[in-house]
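K.L.:
Predicted structure and sequence below. I'll ask about it afterward.
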Amino acid sequence: GENVEQHPSTLSVQEGDSAVIKCTYSDSASNYFPWYKQELGKGPQLIIDIRSNVGEKKDQRIAVTLNKTAKHFSLHITETQPEDSAVYFCAARHNYGQNFVFGPGTRLSVLP
Amino acid sequence: EAGVTQSPTHLIKTRGQQATLRCSPISGHTSVYWYQQALGLGLQFLLWYDEGEERNRGNFPPRFSGRQFPNYSSELNVNALELEDSALYLCASSYRGVGNEQFFGPGTRLTVL
């Protein structure tokens, strides 16, 4: 079955700097890769996603890149702000008939 | 548009008791997923319901069960509670078919004493 690894487990950056979180997946048939942000005491919130027919997707300060050959995808946050501090999860799935497999999460701290 | 809702917010039980958690999906969504998130850990897939049927199940014992009602809301039941069942239980919903992003509710915090 699918296995998703995520690095780093914790990340601290200065406000205004960029943050990058990387995930690798094992099942080459996976074709949908969402990223979720979870703030303390709340459920995960979908912030961006990418499908296997696209190499990069941007939404304001957030971007996701996908390398199908290497089976890894990354979340890029530019001009980080204190409110970006949260736990971020990546996930992968290959068919509608399969469930999502999540990475273990990255705790991002943006220091003022 | 209302998001995924879950009840109760918090639930305290003792070992051996049963817990029932409820989830209402986003209007129009037919799939409901349940996840367990133990403190400090990632999301572990529990169950997936679609159109009233169980479609997939994670690596959890049979005392974790559930159902989906005709209005697509769902219930998760945990029997014979154990201390290690203490966790945040998250429900997510999605459309069936292409572009089926998953949206999460706020979760139910289950504490087993």
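P.N.:
Alright, I've got the coordinates. Numbers count the residues shown, from 1 in each chain, chains lettered A, B, ... in the order given.
K.L.:
Okay, and the beta partners of the closest residue to chain A within chain B?
P.N.:
Here chain B gets closest to chain A at one residue, B:F104, 3.8 Å apart by CB to the nearest CB. C-betas here are computed from N, CA, C, even on glycine. For B:F104, the beta-bridge partners are B:A92 (DSSP bridges).
K.L.:
Surely it touches B:T5?
P.N.:
No. Taking CB atoms under 8 Å as the definition, B:F104 is not a contact partner of B:T5, at 11.0 Å.
K.L.:
more crowded one of those two?
P.N.:
B:F104 (22 against 14; other CB atoms under 10 Å in any protein chain shown).
K.L.:
OK, contacts around that one?
P.N.:
Taking CB atoms under 8 Å, 6 or more residues apart in numbering or on different chains as the criterion, B:F104 is in contact with A:Y36, A:G43, A:P44, A:Q45, A:L46, B:V4, B:L90, B:C91, B:A92.
K.L.:
from memory the third one sits against A:A91, does it?
P.N.:
No. Distance between A:P44 and A:A91: 9.2 Å, which falls outside the contact criterion (CB under 8 Å).
K.L.:
list residues touching both of those two?
P.N.:
Joint contacts of A:P44 and A:A91 (CB under 8 Å, 6+ apart) are A:Y36.
K.L.:
related to what we said a few turns ago, of the contacts of B:F104, which belong to strands?
P.N.:
A:Y36, A:Q45, A:L46, B:L90, B:C91, B:A92 (DSSP state E).
K.L.:
ok so, going back, just the buried ones from the contacts of B:F104?
P.N.:
Using 16 or more other CB atoms under 10 Å in any protein chain shown as the burial test, the contacts of B:F104 include A:Y36, A:G43, A:P44, B:V4, B:L90, B:C91, B:A92 as buried.
K.L.:
Could you dump those residues into CSV with pLDDT and distance to A:T65 added?
P.N.:
CSV is the format used below for the buried ones among the contacts of B:F104 (pLDDT from 0 to 100; distance: CB to CB, whole Å):
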residue, pLDDT, distance to A:T65
A:Y36, 96, 17
A:G43, 91, 26
A:P44, 94, 21
B:V4, 96, 29
B:L90, 96, 27
B:C91, 96, 30
B:A92, 94, 25
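K.L.:
and which of those residues is nearest B:S65?
P.N.:
Lowest distance from B:S65 to these (CB to CB) belongs to B:C91, with 14.7 Å.
K.L.:
Confirm B:E84 sits in a strand?
P.N.:
No. Judged by DSSP: H, G, I helix; E, B strand; the rest coil, B:E84 forms no part of a strand; its state is helix.
K.L.:
Name the nearest residue to the residue in chain A that chain B sits nearest to, ignoring sequence neighbours.
P.N.:
Closest approach between chain A and chain B, counting by CB to the nearest CB: A:G43, at 3.8 Å. Using CB to CB, 6 or more residues apart in numbering or on different chains and skipping the chain neighbours, the partner closest in space to A:G43 is B:F104 (3.8 Å).
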